[in-house]
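>>> This is a predicted model, with the sequence first.
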Amino acid sequence: MAVPDLEHPAVRRGRAARQSERLARTLDTLPYLTRKLPPVEVISTEGLEQIEANADTLLEQVGIEIVNFPDATEIFRGAGADIEGQRVRFPRGMCRSLIQATAPRIFTQLARNPARSVQIGDPYMVLVPTYGSPFIHNLDEGRRYATIEDFRNFVKLTYTSRTLHHGGGTLCEPVDLPVNKRHFEMVYSHIRYSDRAFMGSVTHPSRAQDSVDMAKIVFGPETLQNEHVIMGLANANSPMSWDFNMLGSAKVYAENNQVMLITPFILGGAMAPVTVAAQATQTLAEALAGMAFCQIVRPGAPVIFGSFASSMSMQSGAPTFGTPEPQLVLFVLAALARRLGVPFRSGGNFTASKLPDYQAAYESAISYLATMQAGVNFNLHTAGWLEGGLAIGYEKFILDEDQASMTEAYIKGVDTTDNGYALDAMLAGGPGQHFLGSPHTLANFENAFWRSEISNNDSFEQWELDGGLDAAQRANVRWKRRLAEYEMPPLDDGIHDELVEWMDRRKASFPDSDV
């Protein structure tokens with residue numbers, strides 16, 4: 001059999017046509033969502049004001065411990081904070097004033113493909129895959145450590161998603177690569193295998209700088225001076241502490257005018273008191289300090305107020321998900337973020353289940369319903385979360401993605417146009433007359449109701465004839481088909497060559513390490 005000439009003009013035109021067709025299929029949804037549904041409020045204005053006052057009291061009297069980062073304490077000192085060793089105490093209202101003076105309420109993160117750039121802030125909502133899992137799970141292999149090949153697979157699944165809007169960051173930890181060099185391959189994978197907006201490394205300030213430098217090669221150094229193209233995620237060491245790696249990485253992103261997601265990680269009862277208002281208070285205090293730091297470093301650098309709150313089994317100490325209390329924390333903090341005037345990140349499809357089973361479904365559904373109702377702007381962990389975040393599931397990714405596809409229909413609220421009221425259709429009918437043939441029904445039937453692509457609504461006989469597959473088995477078929485059909489988005493050859501050359505030179509400049 002003759003081997004086709006892959007560089008023949010006809011072959012190249014055919015390949016380009018297939019890529020364009022594929023891109024058209026993956027871009028047939030909005031690059032982000034616009035919420036019209038009013039957010040649910042679970043606490044009074046007086047209650048929110050009391051939480052803000054209590055957070056100021058914490059910052060004033062307890063303060064924030066800055067671990068192994070004296071430069072940060074000096075930065076805070078220069079802005080008017082009181083310093084005692086590693087402890088930083090803030091005059092009342094200082095952090096809030098700094099944030100409200102310069103942090104943008106809404107900003108755009110540019111994607112390599114401009115059609116995929118995202119708006120972050122009210123009233124917009126951006127859906128993002130899960131982050132940080134060292135393990136993967138699928139029906140074929142069960143649970144195992146993640147590799148760079150898994151990372152690339154989830155980049156590709158996210159790129160081909162019609163539900164997700166953002167490439168995310170550390171989709172899983174590729175433990176087959178050295179700790180001090182794996183960030184190069186992760187950032188490269190986001191750039192090469194997708195054209196969505198993405199997140200960089202934060203495990204050390206030098207790795208944050210590497211991520212920013214790679215973005216400069218792709219977007220151009222001048223673009224980063226005026227625009228935002230890469231995002232980092234920094235978690236506080238709750239309670240009331242920030243360390244060198246997290247705050248140092250935040251400094252790098254802020255200095256370069258890039259996005260910083262500031263997120264205290266609260267396990268109620270262990271890292272904060274067990275009550276909802278107390279967890280919200282501590283989260284607010286820790287986040288205020290981190291966001292204020294970014295504004296001191298570079299006024300106007302975009303920040304996102306993040307929250308991750310989990311309940312805890314008081315018998316075993318294990319995190320629990322799908323419980324009411326963390327959802328209430330989410331509602332309270334979303335309201336506090338709106339009052340502060342910055343975008344808010346929280347929520348997701350959370351579960352402690354080890355499998356994509358009943359427990360995973362109900363815990364995820366409860367968590368995600370609150371996410372839609374609270375008014376979250378940047379929703380990390382939309383798809384893939386298993387085992388309290390220790391694993392990202394291939395099937396769970398597909399199931400979560402399917403559930404999250406209802407978000408657009410949910411948050412756009414009730415249609416109150418003439419079409420929504422449909423009075424003419426009701427007047428044209430009469431008692432006992434169905435609407436199946438109504439012109440209104442015919443005009444709306446394609447988009448009248450959200451439809452799951454995973455759920456099976458066939459008769460038992462048809463379902464059995466088709467193999468009798470459960471939802472996870474159907475998801476298994478889908479993720480494999482998506483990967484088999486994947487085609488890379490175009491990337492300028494010159495940019496790609498420069499990026500690879502820079503990476504190779506940088507990796508060769510220091511030895512491998514697992515720290």
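Nice, thanks for sending it over.
>>> would you list every one of the helices in the stretch 101-250 of the chain?
148-159, 182-193, 205-219, 221-226, 244-255 (DSSP state H, counting those that start in this stretch).
>>> Just send the ones you listed back as a markdown table, with mean neighbour count, distance to residue 343 and mean pLDDT too.
For every residue, glycine as well, the C-beta is placed using N, CA and C. Converted to a markdown table, the helices of the stretch 101-250 of the chain look like this (neighbours: other CB atoms under 10 Å; distance: least, CB to CB, whole Å; pLDDT from 0 to 100):
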| stretch | mean neighbour count | distance to residue 343 | mean pLDDT |
| --- | --- | --- | --- |
| helix 148-159 | 22 | 20 | 98 |
| helix 182-193 | 22 | 21 | 98 |
| helix 205-219 | 21 | 20 | 98 |
| helix 221-226 | 12 | 19 | 96 |
| helix 244-255 | 24 | 15 | 98 |
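>>> separation between residue 430 and residue 423?
Residue 430 is 14 Å from residue 423, where distance means CB to CB, to the nearest Å.
>>> can you redo the helices of the stretch 101-250 of the chain as TSV with distance to residue 376?
Output for the helices of the stretch 101-250 of the chain, formatted as TSV (distance: least, CB to CB, whole Å):
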stretch	distance to residue 376
helix 148-159	18
helix 182-193	22
helix 205-219	25
helix 221-226	27
helix 244-255	21
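>>> avg pLDDT for the longest helix anywhere in the chain?
When the chain is parsed with DSSP state H, its longest helix is helix 276-297. Helix 276-297 shows a mean pLDDT of 98.
>>> what's the angle from it to helix 244-255?
50 degrees (axes from the mean of the first three to the mean of the last three CA atoms, to 10 degrees).
>>> taking the mean pLDDT, what do you get for the helix or strand just after helix 276-297?
Downstream of helix 276-297, the first helix or strand assigned by DSSP states H and E is strand 303-306. Average pLDDT, strand 303-306: 98.
>>> Using PDB, write down the CA coordinates of strand 303-306.
C-alpha atoms of strand 303-306 as PDB (Å, rounded to 0.1, in the frame of the first residue of the first chain):
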ATOM      1  CA  VAL A 303      -7.200  38.900  41.600                       C
ATOM      2  CA  ILE A 304     -10.000  36.400  42.200                       C
ATOM      3  CA  PHE A 305     -11.400  35.800  45.700                       C
ATOM      4  CA  GLY A 306     -11.500  32.100  46.100                       C
END
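>>> what's in contact with it?
Applying CB atoms under 8 Å, 6 or more residues apart in numbering, the external contacts of strand 303-306 come out as 99, 103, 120, 233, 259-264, 287, 290-291, 294-295, 333, 336-337, 340, 342-346, 377-378, 380.
>>> first to last residue in stretch 430-440, what's the distance?
End-to-end distance for stretch 430-440: 15 Å, by CA to CA, to the nearest Å.
>>> Quick one: distance of that stretch to the chain centre.
Between the centre of stretch 430-440 and the centre of its chain there are 44 Å (CA atoms, centre = their mean, to the nearest Å).
>>> Quick check: mean pLDDT of that stretch?
Stretch 430-440 comes out at a mean pLDDT of 93.
>>> In that stretch, which residues are buried?
438, 440 (16 or more other CB atoms under 10 Å).
>>> gap between the residue nearest the centre of the chain and residue 231?
Centroid-nearest residue in the chain: residue 380, 2.3 Å away (criterion: CA atoms, centre = their mean). As defined by CB to CB, residue 380 lies at a distance of 10 Å from residue 231.
>>> same thing with residue 290?
14 Å.
>>> Return the distance of stretch 421-437 from the chain's centre.
Using CA atoms, centre = their mean, the offset of stretch 421-437 from its chain centre is 43 Å.
>>> what's the span of that stretch, first residue to last?
Stretch 421-437: ends 18 Å apart by CA to CA.
>>> cool, and stretch 304-316?
33 Å.
>>> May I see the buried residues of it?
304-312.
>>> what's the burial count for residue 160?
18 (other CB atoms under 10 Å).
>>> close enough to count as contact, it and residue 489?
No. Residue 160 is not in contact with residue 489 according to CB atoms under 8 Å; the separation is 10.2 Å.
>>> Tell me how many other residues surround the residue lying closest to residue 363 once chain neighbours are set aside.
Residue nearest to residue 363 in three dimensions, not counting chain neighbours: residue 322, with 2.9 Å by CB to CB, 6 or more residues apart in numbering. For residue 322, the neighbour count with other CB under 10 Å is 23.
>>> What separation do you get for residue 322 and residue 454?
From residue 322 to residue 454 the distance is 20 Å (CB to CB).
>>> which element is the closest residue to residue 362 other than its chain neighbours on?
Nearest non-adjacent residue to residue 362, counting by CB to CB, 6+ apart: residue 322, 6.1 Å away. Using DSSP H and E, residue 322 falls within no helix or strand.
>>> Now for residue 322: which residues touch it?
Contacts of residue 322 (CB under 8 Å, 6+ apart): 350-351, 362-367.
>>> Equivalent analysis for residue 344, please.
304-307, 333-334, 337-338, 375-378.
>>> Toward the C-terminus, what is the element adjacent to the lowest-mean-pLDDT helix or strand in the chain?
Every helix and strand in the chain was compared by mean pLDDT, DSSP states H and E; the lowest is helix 9-26, with a mean of 50. Remark: after helix 9-26, the chain's next helix or strand is strand 33-34, criterion DSSP H and E.
>>> Flag every buried residue along the helix or strand that comes right after that following strand.
Moving toward the C-terminus from strand 33-34, the next helix or strand (DSSP H and E) is helix 45-57. Neighbour-count burial for helix 45-57 flags 48, 51-52, 54-56 (criterion: 16+ other CB under 10 Å).
>>> now, which of the residues you listed sits nearest residue 280?
Distances from residue 280 to those, taken as CB to CB, are shortest for residue 51 (5.5 Å).
>>> Would you mind confirming that the closest one is in contact with residue 284?
Yes. If you go by CB under 8 Å, residue 51 and residue 284 touch, sitting 6.4 Å apart.
>>> overlap in contacts of those two?
In contact with both residue 51 and residue 284: residue 336, using CB under 8 Å, 6+ apart.
>>> List of residues touching the host helix or strand of residue 71?
Residue 71 is part of helix 70-78 when elements are defined by DSSP H and E. Contacts with helix 70-78, where a contact means CB under 8 Å, 6+ apart, come from 66, 83, 86, 88, 90, 242, 247-248, 251, 293, 296-297.
>>> Of those, grab the buried ones for PyMOL.
Here is the PyMOL command that selects only those of the contacts of helix 70-78 that count as buried (16+ other CB under 10 Å):
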select buried, resi 66+86+88+90+242+247+248+251+293+296+297
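>>> Which members of the contacts of helix 70-78 define the maximum pairwise distance?
Farthest pair in those, by CB to CB: 90 and 248, 19.8 Å.
>>> Run a quick neighbour tally on residue 277.
17.
>>> isn't residue 458 right up against residue 467?
No. Here residue 458 lies out of contact with residue 467, judged by CB under 8 Å, at a distance of 11.3 Å.
>>> in its sheet, what does the top strand by length along the chain sit against?
Secondary structure of the chain per DSSP state E: the longest strand is strand 259-267. Sheet pairing for strand 259-267, assigned by DSSP bridges, gives strand 230-236 (parallel), strand 303-306 (parallel), strand 308-312 (parallel).
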